[in-house]
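Novice: sequence isn't available, so here's the structure alone:
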């Protein structure tokens, strides 16, 4: 079953089209990274999918409920961490959570129970009676995440969950998201911190008003940059190009200083033969490593291409 | 209604934790009851000192003036509370997570309106009660019957609660455009000044009978409901998230 399905979902604000015919499928239990530049329409999409604003056209199913017809049920089925935590500064941490828990239709004792659970999980239980106005940014962010989960929603939207956090707090939040994934929840993560998206996400969606692509981070990398190995040699690497090009499985080779970057379809299976050929040819090999591209490379390639298309 | 009560309780808790707001809200009613008591008492003493009976016309004029001031409270207090409540939510970015919950916007608006109306009505009735006590203590029975008329009592008990709908609705409307609670309440206050002028001139020149008070209440109720309807149209998820600046 899919947690979210959208069909040609569109939202316009007057003449401005914020989201343009978005068709997406997010399988249940996936951590789904929603990437795009500022103003790409990510927040508008999240607001539509959490039944906060209506689409101009198109349709969507969220947790099995039809957007527009079952908005109240959708609101009960999703948790949302908004860009700014948005907490009541004059209430303490526990009161904030119990208040929101009850708004999510939990009775008072269940709301208190859930508040205790998540405050404990996020290392805030000892600070439960302190007013939120005195909390650090990291504590506020953790509290806002706890609020998004109080009613145990199957679908959770997290907008920049680690933005502005110190490394320790960011790590706590990232580990917590991994725990949520292990519980089978579907998490839609909006972030500009691409290494985090790479670490957490099963699927990455690159988006700029309309969908550019959706795939797993590894398949995106392979699709854009190919796969291969980087072989560092002692001596002149360029003199071995002909040896490598003679191998039928080599797709491409590039030399930079003393390193050969060789593009292969199956690096794990083909690199032993490649190394053997080089050794037979007299090459002295220092190291062999898989070529890795960061998600940032992928993102820049996709968004850069998109921007070029727009300019043209 | 459970959610209305939940939000209302939270709103009242927040209001009573804002010392500056409580101070601002208390000053006007306190000044009115203190000044009314002081002036009525002084008028009585001056007459005793001169050996002449207290001048009932002066006391009636003073009483009529202050009884109108008591009725200004339901215009002024709810505007301040509603401005802090709604603009405060905007500034602390709590509206979006609040609207993401399954709470209905009418429940939210009703709770916020009640959180502004209830303290205002309580303050008006308390200061009205104190004022009645001062009239009873410092003036004669004849003055009392001229100031604390059945018509004025209807205004105090019925019209005052109805009157609170107007500033609350206007403040909801102005709050959607401003990020400073003071600006929002001040813009709404411009309307109050006009209403106050009409009210005070009518109050001085007319003998306010219970029937007239009920008619005024009915007119204000219609006006309040029309404004509340307009405010409800502005206070929608979509509008709050996409149009409120």
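Specialist: Arrived safely, thanks for sending. This is a predicted model, so every value here is computed, not measured.

Novice: number of nearby residues for residue 134?
Specialist: Just so you know, I chose chain A. Residue A:134 has 10 neighbours, counted by other C-beta atoms under 10 Å in any protein chain shown. (Glycine included, C-beta is placed from N, CA and C.)

Novice: my question was about chain B
Specialist: 20.

Novice: for the one 5 residues further on, same thing?
Specialist: For residue B:139, the number of neighbouring residues by other C-beta under 10 Å comes to 24.

Novice: in this structure it contacts residue B:40, no?
Specialist: Yes. Here residue B:139 reaches residue B:40: they are 6.1 Å apart, a contact under C-beta atoms under 8 Å.

Novice: and the residue nearest to the spatial centre of chain B, how far from chain A?
Specialist: For chain B, the residue nearest the mean C-alpha position is residue B:74 (1.1 Å; C-alpha atoms, centre = their mean). Using C-beta to the nearest C-beta, to the nearest Å, we find residue B:74 at a distance of 25 Å from chain A.

Novice: who touches both of residue B:139 and residue B:40?
Specialist: B:59, B:63 (C-beta atoms under 8 Å, 6 or more residues apart in numbering or on different chains).

Novice: looking at the stretch 201-312 of chain A, which residue is nearest chain B?
Specialist: residue A:209 (16.6 Å; C-beta to the nearest C-beta).

Novice: what residues are up against that residue?
Specialist: A:17-20, A:40-41.

Novice: would you mind measuring from it to residue B:85?
Specialist: Applying C-beta to C-beta, to the nearest Å, the value for residue A:209 to residue B:85 is 36 Å.

Novice: helix or strand: which one has the residue nearest in space to the middle of chain A?
Specialist: The centroid of chain A falls nearest to residue A:33 when counting by C-alpha atoms, centre = their mean (2.3 Å). Per DSSP states H and E, residue A:33 falls inside strand A:31-35.

Novice: hang on, residue B:6 in a helix?
Specialist: Yes. Per DSSP: H, G, I helix; E, B strand; the rest coil, residue B:6 lies within a helix segment.

Novice: packing partners of the helix or strand that residue A:141 is a member of?
Specialist: In the assignment (DSSP H and E), residue A:141 maps to helix A:137-149. The contact analysis (3 or more C-beta pairs under 8 Å, 6 or more residues apart in numbering or on different chains; DSSP states H and E) places helix A:137-149 against strand A:78-81, helix A:93-103, helix A:108-121, strand A:155-159, helix A:167-182.

Novice: among the ones you listed, which is nearest residue A:87?
Specialist: Ranking those by distance to residue A:87, with C-beta to C-beta as the measure, places helix A:93-103 first at 5.3 Å.

Novice: what about the closest one, near chain B?
Specialist: Yes. For helix A:93-103, a contact with chain B is found by C-beta under 8 Å from any C-beta of the partner chain, at A:99-100, A:102-103.

Novice: which parts of chain B sit against chain A?
Specialist: Taking C-beta under 8 Å from any C-beta as the measure of proximity, chain B contacts chain A at B:3, B:6-7, B:10, B:13-14, B:17-18, B:92-103, B:237-238, B:241-242.

Novice: quick one: contacts for the residue lying closest to residue A:62 once chain neighbours are set aside?
Specialist: Nearest in space to residue A:62, with sequence neighbours left out and distances taken as C-beta to C-beta, 6 or more residues apart in numbering or on different chains, is residue A:74 at 4.9 Å. By C-beta under 8 Å, 6+ apart, the residues touching residue A:74 are A:50-51, A:62-63, A:65, A:67.

Novice: try 10 Å this time
Specialist: Residues counted as contacts of residue A:74 (C-beta atoms under 10 Å, 6 or more residues apart in numbering or on different chains) are A:49-52, A:60-68, A:153, A:155, B:102.

Novice: next, the angle helix A:93-103 makes with the helix ranked longest in chain B.
Specialist: Counting residues, the longest helix found in chain B (DSSP state H) is helix B:105-138. Here the directions of helix B:105-138 and helix A:93-103 differ by 120 degrees (axes from the mean of the first three to the mean of the last three C-alpha atoms, to 10 degrees).

Novice: just the buried residues of helix B:105-138, please?
Specialist: By 16 or more other C-beta atoms under 10 Å in any protein chain shown, the buried positions in helix B:105-138 come out as B:105, B:107-121, B:123-125, B:127-128, B:130-132, B:134-135, B:138.

Novice: from the contact counts, what lies against the host helix or strand of residue A:196?
Specialist: Assigned by DSSP H and E, residue A:196 belongs to helix A:194-200. Secondary-structure packing of helix A:194-200 (3 or more C-beta pairs under 10 Å, 6 or more residues apart in numbering or on different chains; DSSP states H and E): strand A:31-35, helix A:167-182, strand A:186-190, strand A:203-208, helix A:217-225, helix A:295-311.
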